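Enquirer: sequence and predicted structure below; questions after.
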Amino acid sequence: MAEVTPADARAYAPVAGERRATTRLNELASGTWRFLTRDRFALAGILIYVFFIIVAVLAPVIAPFNPQAILADAQGNWLANQPPSADFWLGTTNVGRDIFSQLVYGTRAALTVGFTAAFFVALIGTIVGLVAGY
């Protein structure tokens, strides 16, 4: 068996800065978790965001039809204005598109608009705050 020299031991020792960064990350995560467990409304809001993000990411798996496809029966007649049923959970539009599929795919656009607006509000607010503070 080979001997381990002190130089080899130093090569595998963790760097002090890495340990501090990991500790800070753990403290941040535990503080966030404590906040969320104490504030039920914040936890509910986070869970709602997570739900919508999961729906947006998994839209091709969740939606039973293409949201822009015009559905027709075997004779070629549009399935327009169908009431909610086992085939069409929320019914169809007057053109014959599945409403549930449109709703699921619509979460992508809604989240994109929401996060983009929030980013620009934060950016403009930061710039205005910096100018006002100067």
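Expert: Arrived safely, thanks for sending.

Enquirer: how far off centre is stretch 104-121?
Expert: 10 Å (Cα atoms, centre = their mean, to the nearest Å).

Enquirer: which residue is the nearest non-sequential neighbour of residue 55?
Expert: Nearest residue to residue 55, sequence neighbours excluded (Cβ to Cβ, 6 or more residues apart in numbering): residue 107, at 4.9 Å. Every C-beta, even on glycine, is put in place using the N, C-alpha and C of the backbone.

Enquirer: list the contacts for the one you found?
Expert: 52, 55-56, 59 (Cβ atoms under 8 Å, 6 or more residues apart in numbering).

Enquirer: what's the helix or strand for the spatially most central residue of the chain?
Expert: Nearest to the mean C-alpha position of the chain, by Cα atoms, centre = their mean, lies residue 53 at 2.7 Å. Assigned by DSSP states H and E, residue 53 belongs to helix 40-57.

Enquirer: next SSE downstream of that helix?
Expert: helix 59-62.

Enquirer: CA atoms only for that following helix, dumped as PDB, please.
Expert: C-alpha atoms of helix 59-62 as PDB (Å, rounded to 0.1, in the frame of the first residue of the first chain):
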ATOM      1  CA  ALA A  59     -47.400  21.300 -20.900                       C
ATOM      2  CA  PRO A  60     -46.600  18.800 -23.700                       C
ATOM      3  CA  VAL A  61     -47.200  15.900 -21.300                       C
ATOM      4  CA  ILE A  62     -50.200  17.300 -19.500                       C
END
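
Enquirer: buried residues in that helix?
Expert: For helix 59-62, burial by neighbour count (16 or more other Cβ atoms under 10 Å) applies to residue 59.

Enquirer: that one packs against which elements?
Expert: helix 99-133 (3 or more Cβ pairs under 8 Å, 6 or more residues apart in numbering; DSSP states H and E).

Enquirer: what inclination does the helix it packs on have with respect to helix 40-57?
Expert: Interaxial angle, helix 99-133 versus helix 40-57 (axes from the mean of the first three to the mean of the last three Cα atoms, to 10 degrees): 120 degrees.

Enquirer: distance from helix 99-133 to the middle of the chain?
Expert: Averaged over its C-alpha atoms, helix 99-133 has a centre that lies 13 Å from its chain's centre (Cα atoms, centre = their mean).
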